[in-house]
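Novice: Give me the fold of what follows.
(2 chains)
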Amino acid sequence: MDYVVSFLSIEFGLCFTLFFAVYWSLCWSVRLQNVLLLAGSYALVASFSLDSLYILLGYTLLVYLLGLFSARHPGRRFTYLMVLLLVLGCFYVFKYQEFFVGGVQAALADLGLDVSLPVLEVLLPIGLSFYTFHSVSYLVSINRGEMAPAAPLDLALYLAFFPSLVAGPVNRAAHMLPQIRPAQIRQVLEPQRALGLIALAVVKLFFFSAWLGSEWVDPVFETPSGFSAEQLLLSVYGYSLLIYLNFSGYTNLVTGVALLLGFRLPANFNAPYAARNLKEFWGRWHISLSTFIRDYVYIPLGGNRQGVWRGNLNMLLAMLVSGLWHGASLNFIIWGALHGVGLALYKASTYVLPQPMRWPGADVLARLLTFHYVAFAWIFFRCASLDDALDMLGGIAGLSLGGLLSTTGLLLLGCVLYIAVYPQVLALLRQGFAASSRLPWQLYPIPLGLFVSLVIFASQSGVPGFIYASF
Amino acid sequence: MQASSTGQLFKTQMGAAKVLYAILVTTLLLFWLNQNSISLYCQQKYHQSCELPWVGQSQAWRLGGNLTQALGDARSSFIDSLERQTLLAQAEGMPTVELPPSMPVVLVDLAQPHAKAPAPAKVPVMAPTPAARPTAVQPATVPPVVAQAPAAQPVKVAAQPLVPGQPPKAVSLAAGDEVFLVGDSLMQGVAPHLANTLLKRYQIKSVNLSRQSTGLAYPGFFNWPQTVSDTLQNHPNIRLMVVFLGPNDPWDMPESKGKPFLRFKSPEWEALYRKRIDRILDEARAHNVQVIWVGPPNMQKPRLSTAMAYLSGLYESQAQLYQQHYVSANGVLGYQADEFSYTLQNSQGKRVKTRVDDGIHFTTTGQKLIAEQVLSMIAFPGLTVTGH
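Specialist: Model prediction:
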């Protein structure tokens, strides 16, 4: 039983085709198109649960009023405080209540105090993690005097825009609102690239991540003690590839869908495993989130303007916030902390090893080191509990030369080689993708349909769930 | 301004029309080639056959499905042939074929004179003492079809009441035995906890094939009886099978491909469904495998919940008929009769959340409780507990 709203389903495909036809037949009126988009987005939320819709509506109203208030009293600390209160309040009530209450109760119980704190039973509304961030960028922009409050319907669409509602990318008001109220009538943007992106998403989601999940990753992460050290390591490599393919595939899909509707979503991935250090990695992974955290958490905390130690502390805090945002558990916090510490270590290393390093092999080594550190952190991200993660690590510690001389060892070598030659592979793939976009439009759908059918034929059946959709 | 905007409008509409053309052609192609899997998907999700009104039976339309079908057949026969060749090559490398030493012996002859695996029955290998697993012997004496007389069963059930908290050791496992986990997304949540504990505490391996959206209603989508048969054939060390499914099944279902749909809870439906349960239990008996059948718990939605109670009745009565073991998840979660709750009061008096917000699946706590209940029904004579 699958309750995650899936954009890669037959039902969504058919509904979208119909929606597309109606939407563009209204192209003479941006206002009508917006109403249709808003109705479609709300219908999608309602199909998940009616409560989610009510919460989104209520939240939109609050943001609208707060926007008006901010415009009247710009630049005040008080208005910033209200924004913070709104966002943290929502996150607390809907996402972190159980986690914090459980933690506090356990801490008090250790001190001998048996306290039962109230917990409201609520369900996490779909898209909350994303539309709260969208609202922050809107309210902060108004507070800084960079824009005027939007009209109610425009704001509602900005918060509810369905392609980026469920799992991002994280939009900015300054980038999105002008597209909601364009100066000219909308056009379908880059149609062949858009369809190509959707096909690419099918390859990444249906084929690669589903296969990796069922063959290399899920069975091993579920019962780590039943597998050899080499198999454990392979599952970690597998998961590192899987989460990239899954999430970037999802981003490709919604980017394609948005382009077909005449919207350009912000870039979210840029070959993250080609990064030579962690700083570069965060410039390439979930870009819209990391820039959001930089602009709305790291810089307001003081950034790197108050000395080295304070700068590193701010970075650690920002990464902890990012970790906690991904989910309410200790493991996500550890994941964030690992990235915070890793970034500080990288920064420290630049004093010893001036960048860029020019000696031969430095590039490949740096990429492999970065990939392995990121993969190490993913163990905590994927495991359900700290114990599970420690089990995994303990198991991997048993790696032996003898064990590496096996089929699994060969697969491990294959993974390492793949990361080593990744930039070259990428260049080739990008050429292929660009070439496919140059096919004449009358013929384009035939190879596209055959290609997608071939991928489905080669895949295991079943629609993969999107990892981020459950956050 | 007016003229330019008319031109602009035309340009936009042409652009959109081109894309619509591309989407429609691609969709048509995808539906044409993938019609078989789409119709299975439709059956499994919407519980009816979704045949296209006019074109559905036309030759040209069927061709697309047949193409994919033929391609799929070609792939399977390619893989089969490759595997056969590899096996042959390996067999040539080995001078003698040794029989697996841990095959169960005594019971096969009794139960099924025409058993598929006669070879091990004739070899008196050192099997673990039969006394270690008394329950395994009993099914052998009850032939599947003649066993309709219910008179003897209540005695047996009364002798082993499945009271949560003081569970009887219903089944037993010895060193080298394996456990087979069968089910849907409910089982997917419970299975890792079971498998982990079995391995860590008793070094007992499991085969976990649980898969979301599966059940017994739509074998075209996923065929559990067949999967059970194949798995028991390929893993002769499996001595226990734990089955946990149901929520995907309370719908109308076709008797077989292309046949009309039987109404849920109709006598025909029930007979067919019982037959499918029996097929699984028959396979278990043929391979001398003990079964713990876990009945699905009450659900948040009343319709689904009553359907679960109905299906649970079928599981329970068939399990009893085969003298296997049934336990309802309701007891584990503290539900009386048809009540539902997201939480359970634990032994320290605190309320812990056992179900997630969808009102169907379990939280980690709920999964662990069910896993513990199943574990508590297993005896491990002669096995030393390690760690944890």
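
Novice: what mean pLDDT would you report for the host helix or strand of residue A:108?
Specialist: Assessed by DSSP states H and E, residue A:108 sits inside helix A:97-110. Averaging pLDDT along helix A:97-110 gives 81.

Novice: Alpha carbons of stretch B:201-216, as PDB, please.
Specialist: C-alpha atoms of stretch B:201-216 as PDB (Å, rounded to 0.1, in the frame of the first residue of the first chain):
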ATOM      1  CA  ARG B 201      20.500 -14.600  19.500                       C
ATOM      2  CA  TYR B 202      20.400 -18.000  17.900                       C
ATOM      3  CA  GLN B 203      22.500 -17.800  14.700                       C
ATOM      4  CA  ILE B 204      19.400 -18.700  12.700                       C
ATOM      5  CA  LYS B 205      19.200 -17.400   9.200                       C
ATOM      6  CA  SER B 206      16.100 -16.100   7.600                       C
ATOM      7  CA  VAL B 207      14.800 -15.700   4.100                       C
ATOM      8  CA  ASN B 208      12.800 -12.500   3.900                       C
ATOM      9  CA  LEU B 209      10.800 -12.200   0.700                       C
ATOM     10  CA  SER B 210       8.100  -9.800   2.100                       C
ATOM     11  CA  ARG B 211       7.100  -7.300  -0.400                       C
ATOM     12  CA  GLN B 212       4.700  -4.300  -0.300                       C
ATOM     13  CA  SER B 213       1.300  -4.400  -2.000                       C
ATOM     14  CA  THR B 214       1.200  -8.200  -2.200                       C
ATOM     15  CA  GLY B 215      -1.400 -10.600  -0.900                       C
ATOM     16  CA  LEU B 216      -3.300 -13.700  -2.000                       C
END
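
Novice: Now do the buried residues in the helix holding residue A:108.
Specialist: Using 16 or more other CB atoms under 10 Å in any protein chain shown as the burial criterion, the residues of helix A:97-110 that qualify are A:97, A:99, A:101, A:105. In short, each C-beta sits where N, CA and C put it, glycine included.

Novice: Check stretch A:400-413 too.
Specialist: A:403, A:408-409, A:411-412.

Novice: ok, now stretch A:272-286?
Specialist: Residues A:272-282, A:284-286 are the ones in stretch A:272-286 that count as buried (16+ other CB under 10 Å).

Novice: From residue A:48, how far off is residue A:35?
Specialist: 21 Å (CB to CB, to the nearest Å).

Novice: Settle it for me: which of those two has more neighbours?
Specialist: residue A:48 (18 against 14; other CB atoms under 10 Å in any protein chain shown).

Novice: pLDDT at residue B:251, what is it?
Specialist: pLDDT, the model's per-residue confidence, is 87 for residue B:251.

Novice: Give me the three-state assignment for the closest residue to chain A within the stretch 251-388 of chain B.
Specialist: Per CB to the nearest CB, the residue of the stretch 251-388 of chain B with the smallest distance to chain A is residue B:357, at 3.9 Å. The three-state assignment at residue B:357 reads coil, by DSSP: H, G, I helix; E, B strand; the rest coil.

Novice: Between all of the buried residues of stretch A:272-286, which two are separated the most?
Specialist: The distance between the two most remote of the buried residues of stretch A:272-286 (CB to CB) is 18.2 Å, for A:276 and A:286.

Novice: So stretch B:44-62, near chain A or not?
Specialist: No. Applying CB under 8 Å from any CB of the partner chain, one finds stretch B:44-62 out of contact with chain A, separated by at least 8.7 Å.

Novice: got the contact list for that stretch?
Specialist: Applying CB atoms under 8 Å, 6 or more residues apart in numbering or on different chains, the set of residues contacting stretch B:44-62 from outside is B:32, B:35, B:38-39, B:42-43, B:213, B:218, B:220-221, B:248, B:251-254, B:258, B:261.

Novice: Tell me which entries of the residues you listed lie within strands.
Specialist: Within the contacts of stretch B:44-62, membership in strands is found for B:253-254, B:261, as judged by DSSP state E.

Novice: Name the nearest of the residues you listed relative to residue A:440.
Specialist: Of all these, the one sitting nearest residue A:440 is residue B:254; the distance, using CB to CB, is 44.3 Å.

Novice: How far does stretch A:419-437 sit from its chain's centre?
Specialist: Going by CA atoms, centre = their mean, to the nearest Å, the spacing between the C-alpha centre of stretch A:419-437 and its chain's C-alpha centre is 23 Å.

Novice: OK, contacts around residue B:206?
Specialist: By CB under 8 Å, 6+ apart, residue B:206 lies in contact with A:223, B:178-181, B:191, B:194-195, B:198-199.

Novice: List the buried residues of the helix of greatest length in chain B.
Specialist: When every helix of chain B is counted residue by residue (DSSP state H), the longest turns out to be helix B:59-93. For helix B:59-93, a neighbour-count test (16+ other CB under 10 Å) marks B:61-62, B:64-65, B:68 as buried.

Novice: can you put those residues in TSV and add pLDDT?
Specialist: Rendered in TSV, the data for the buried residues of helix B:59-93 read as follows (pLDDT from 0 to 100):
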residue	pLDDT
B:61	89
B:62	88
B:64	89
B:65	86
B:68	87
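
Novice: Pick out the residue of the stretch 1-150 of chain A closest to chain B.
Specialist: Ranked by CB to the nearest CB, the top residue of the stretch 1-150 of chain A for proximity to chain B is residue A:24, at 3.4 Å.

Novice: Which residue lies closest in space to residue B:371, excluding its sequence neighbours?
Specialist: When the adjacent residues along the chain are set aside, residue B:371 lies closest to residue B:193, with 3.8 Å between them (CB to CB, 6 or more residues apart in numbering or on different chains).

Novice: what pLDDT does that neighbour get?
Specialist: In the predicted model, residue B:193 carries a pLDDT score of 89.

Novice: tell me the phi and psi of it?
Specialist: Backbone torsions for residue B:193, taken as degrees, to the nearest 10, come to phi -70, psi -40.

Novice: ok, it - contacts?
Specialist: Taking CB under 8 Å, 6+ apart as the criterion, residue B:193 is in contact with B:367-368, B:371.

Novice: most neighbours, which of those?
Specialist: In terms of neighbours by other CB under 10 Å, the contacts of residue B:193 top out with residue B:371 at 23 neighbours.

Novice: Provide the secondary structure category for that residue.
Specialist: Recorded secondary structure, residue B:371: helix (three-state DSSP).

Novice: for it, what are its contacts?
Specialist: Residue B:371 sits next to B:190, B:193-194, B:197 when contact means CB under 8 Å, 6+ apart.

Novice: Return the subset of the residues you listed lying in helices.
Specialist: Judged by DSSP H, helices contain the following of the contacts of residue B:371: B:190, B:193-194, B:197.

Novice: By neighbours, which of those residues wins?
Specialist: Across the ones in helices among the contacts of residue B:371, the neighbour count under other CB under 10 Å reaches its highest value at residue B:190, namely 28 neighbours.

Novice: Perfect, that will be all.
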